[in-house]
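*Asks:* below are the sequence and a predicted model for it; my questions follow.
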Amino acid sequence: MSGPEVLLGLDVGTTKVAAVVGGRGDTPKLLAAATCPCRGLKRGQVVDVSETTRAIREAVSRAQRLSGVELESAWVGITGQHISCLNSRAELQLTRANRQVTWEDVERVMGAAVASVSIPPDRQMIHAISRGFTVDDTPRVRNPVGLSASRLAVETHIVTAGRNLVANVTRAVEQAGLGVAELVAEPLAAADAVLTEDEEQLGVLLIDIGGGTSDLGLFLEGSIAFTGAIPVAGANVTHDLAVALGITHPEAEQVKLSCGRARAEMVPEDAEDVKLPGDEEERKVSQRFVAQVIEARVREMFRLVEHELRRWGEAWTPAGGVVVTGGGSLLPGITSVARQTLACRARLGRPRVAAGPLELLESPALATGVGLVYYAHREAEARRVEPRPAIRVLPVLGRVVAWVRDLFSS
């Protein structure tokens with residue numbers, strides 16, 4: 001199996017690269033997953049191309065051996081605080097009243113929505129996503145093609161990223177011997193893996209906690225309303241432990257993984273003290289103290305999330321609450337802290353694995369990689385059914401996504 005039948009999702013993160021392989025079919029079949037530590041990024045920004053290339057090459061090589069397929073190109077996730085978004089609106093008067101809306105009309109109105117906003121020259125548009133069309137006086141139409149109308153309007157969500165970041169990530173992937181099929185904002189990919197259509201319709205905030213940043217995606221009435229990130233994530237927890245315990249970052253990571261909890265109340269009163277790794281004096285520390293250090297940083301992270309959403313002016317709290325995913329979400333008790341801090345319902349987001357034998361793929365740490373495979377499968381199917389040179393309208397969990405790339409990427 002190779003070429004268009006193989007789908008590779010590549011999550012290039014701050015602390016690791018994850019490669020998830022899938023195969024095309026009626027539903028995407030997940031075949032393999034592999035990860036490799038990476039020190040080539042800082043908070044989503046590439047700071048060492050050669051190290052990032054090495055990690056990508058190693059993760060992809062492992063995934064290729066496990067899946068037994070040839071990997072040629074990847075759908076690559078873009079993460080970090082450099083991701084930003086804006087919403088715009090455009091309206092089109094049809095040339096003849098009460099005629100059927102065509103794909104060309106959708107392309108024109110989406111293009112007008114993109115052209116109506118000013119994108120700085122140091123930034124590049126990654127996605128233009130329809131939040132819903134208005135056909136005459138009927139709002140929230142998901143797919144207007146074929147409907148009779150005199151006017152067509154669209155609410156559009158535009159996601160941009162720094163041009164240099166895009167260039168550096170692309171360079172690292174290509175130097176690893178892969179083509180870049182498409183760059184995808186990681187909150188959108190993770191959403192495909194862990195959110196339900198009902199949650200998106202009700203209103204839900206996705207928090208993808210990585211190593212260097214926590215990516216955010218807010219969905220309201222079935223469409224994306226906000227995409228962004230905050231610079232607080234798992235690495236901050238590790239740093240706090242290193243400072244509080246007087247140990248190195250690798251040792252602090254070891255303590256976090258072995259006995260860390262996001263809520264101090266979860267630690268039993270009679271819990272044994274933990275011996276600090278690598279300490280010649282054989283110092284010990286109470287598990288309750290470790291949890292207190294972690295909880296303080298996790299609560300601050302969720303308060304920053306709320307501040308970011310309020311600053312943007314979006315509704316808080318979403319009726320569907322929050323879904324927490326990513327490697328940083330594996331701390332026991334983190335959803336409980338989210339519920340208390342954000343005063344809303346919260347759950348852990350595990351990837352939906354419809355097909356594939358690997359238990360590993362159900363880990364929140366692989367949510368973005370799995371979501372990239374689902375995204376790629378949906379795009380490939382839409383392109384097969386309705387190929388368009390400049391625009392592709394895709395049904396993604398019930399929302400219509402228009403990717404305006406060829407006409408408006410300059």
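*Replies:* Right, received. Where do you want to start?
*Asks:* dump the residue contacts of residue 185.
*Replies:* Residues in contact with residue 185 (Cβ atoms under 8 Å, 6 or more residues apart in numbering) are 77, 78, 79, 83, 126, 127, 159, 161, 215, 227. All C-beta atoms are positioned from the backbone trio N, CA, C, and that covers glycine.
*Asks:* should've said residue 363
*Replies:* 330, 350, 351.
*Asks:* check residue 148 too.
*Replies:* So residue 148 contacts 98, 99, 100, 101 (Cβ under 8 Å, 6+ apart).
*Asks:* ok, the third one - contacts?
*Replies:* Going back to what we said before, that points to residue 100. Contacts of residue 100 by Cβ under 8 Å, 6+ apart are 145, 146, 147, 148, 149.
*Asks:* could you redo the last one with a cut-off of 7 Å?
*Replies:* Residues in contact with residue 100 (Cβ atoms under 7 Å, 6 or more residues apart in numbering) are 146, 147, 148.
*Asks:* pull the host helix or strand of residue 76 out as CSV, backbone CA atoms only.
*Replies:* Here residue 76 sits within strand 73-78, counting by DSSP states H and E. The C-alpha trace of strand 73-78 is given here as CSV (Å, rounded to 0.1, in the frame of the first residue of the first chain):
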residue,chain,number,x,y,z
SER,A,73,3.7,12.7,2.1
ALA,A,74,2.1,14.0,5.3
TRP,A,75,-0.7,16.1,6.7
VAL,A,76,1.3,18.3,9.1
GLY,A,77,-0.1,19.9,12.2
ILE,A,78,0.8,23.5,13.0
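*Asks:* I'd like to know how far residue 40 sits from residue 190.
*Replies:* 21 Å (Cβ to Cβ, to the nearest Å).
*Asks:* more crowded one of the two?
*Replies:* Using other Cβ atoms under 10 Å as the criterion, residue 40 and residue 190 rank with residue 190 on top: 34 against 21.
*Asks:* and the more buried one, that one's in a helix?
*Replies:* Yes - secondary structure of residue 190 (DSSP: H, G, I helix; E, B strand; the rest coil): part of a helix.
*Asks:* OK, contacts around it?
*Replies:* Contact analysis of residue 190 by Cβ under 7 Å, 6+ apart lists 206, 208, 325, 367, 368, 371.
*Asks:* mind listing what residue 260 touches?
*Replies:* Counting by Cβ under 7 Å, 6+ apart, residue 260 touches 290, 294, 331.
*Asks:* dump the contacts of residue 100 to CSV, plus secondary structure.
*Replies:* Formatted as CSV, those follow (three-state DSSP):
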residue, secondary structure
146, coil
147, coil
148, strand
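*Asks:* go through those and name the one nearest residue 57.
*Replies:* residue 146 (46.3 Å; Cβ to Cβ).
*Asks:* output stretch 265-277 in CSV with nothing but the alpha carbons.
*Replies:* This file holds the C-alpha atoms of stretch 265-277, laid out as CSV (Å, rounded to 0.1, in the frame of the first residue of the first chain):
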residue,chain,number,x,y,z
GLU,A,265,-6.8,16.4,47.5
MET,A,266,-6.4,13.2,45.5
VAL,A,267,-3.3,12.2,47.4
PRO,A,268,-4.0,9.9,50.4
GLU,A,269,-2.9,11.2,53.8
ASP,A,270,-0.8,8.1,54.3
ALA,A,271,0.9,8.2,50.9
GLU,A,272,4.6,7.3,51.0
ASP,A,273,7.1,10.0,50.4
VAL,A,274,8.9,9.9,47.0
LYS,A,275,12.7,9.6,46.7
LEU,A,276,14.0,12.2,44.4
PRO,A,277,15.8,10.7,41.4
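*Asks:* list the contacts of it.
*Replies:* Outside stretch 265-277, the residues that reach it (Cβ under 7 Å, 6+ apart) are 245, 247, 251, 254-255, 259, 261, 282-288, 290-291, 332-333.
*Asks:* so who does the closest residue to residue 49 other than its chain neighbours touch?
*Replies:* Leaving aside its chain neighbours, residue 49 sits nearest to residue 172 (5.2 Å; criterion: Cβ to Cβ, 6 or more residues apart in numbering). Residues near residue 172 by Cβ under 7 Å, 6+ apart: 46, 49, 52, 53, 56.
*Asks:* how about residue 168, what does it touch?
*Replies:* 46, 49.
*Asks:* so where is the stretch 251-400 of the chain shaky, pLDDT-wise?
*Replies:* For the stretch 251-400 of the chain, the stretches flagged by pLDDT under 70 are 279, 314-315, 354-360, 382-400.
*Asks:* ranges for the strands of it?
*Replies:* 274-275, 284-285, 322-325, 346-348, 391-396, 399-404 (DSSP state E, counting those that start in this stretch).
*Asks:* list the strands paired with the second one, with their directions.
*Replies:* Strand pairing for strand 284-285, determined by DSSP bridges: strand 274-275 (antiparallel).
*Asks:* likewise for the fourth one?
*Replies:* Looking at strand 346-348 with DSSP bridges, its partner strands are strand 322-325 (parallel).
*Asks:* enumerate every residue touching the residue of the chain most remote from its centre.
*Replies:* Taking Cα atoms, centre = their mean, the residue of the chain most remote from its mean C-alpha position is residue 281, at 42.8 Å. By Cβ under 7 Å, 6+ apart, no residues touch residue 281.
*Asks:* can you give me the distance of it to residue 248?
*Replies:* For residue 281, the distance to residue 248 - Cβ to Cβ - is 15 Å.
*Asks:* got the contact list for residue 157?
*Replies:* 85, 87, 129, 131, 224, 225 are the contacts of residue 157 under Cβ under 7 Å, 6+ apart.
*Asks:* please apply the same query to residue 203.
*Replies:* Residues in contact with residue 203 (Cβ under 7 Å, 6+ apart) are 219, 220, 315, 318, 319, 320.
*Asks:* which residue is the nearest non-sequential neighbour of the fourth one?
*Replies:* Spatial nearest neighbour of residue 318, chain neighbours left out: residue 203 (3.6 Å); criterion: Cβ to Cβ, 6+ apart.
*Asks:* tell me the phi and psi of that neighbour?
*Replies:* The phi/psi pair for residue 203 (degrees, to the nearest 10) reads phi 110, psi 120.
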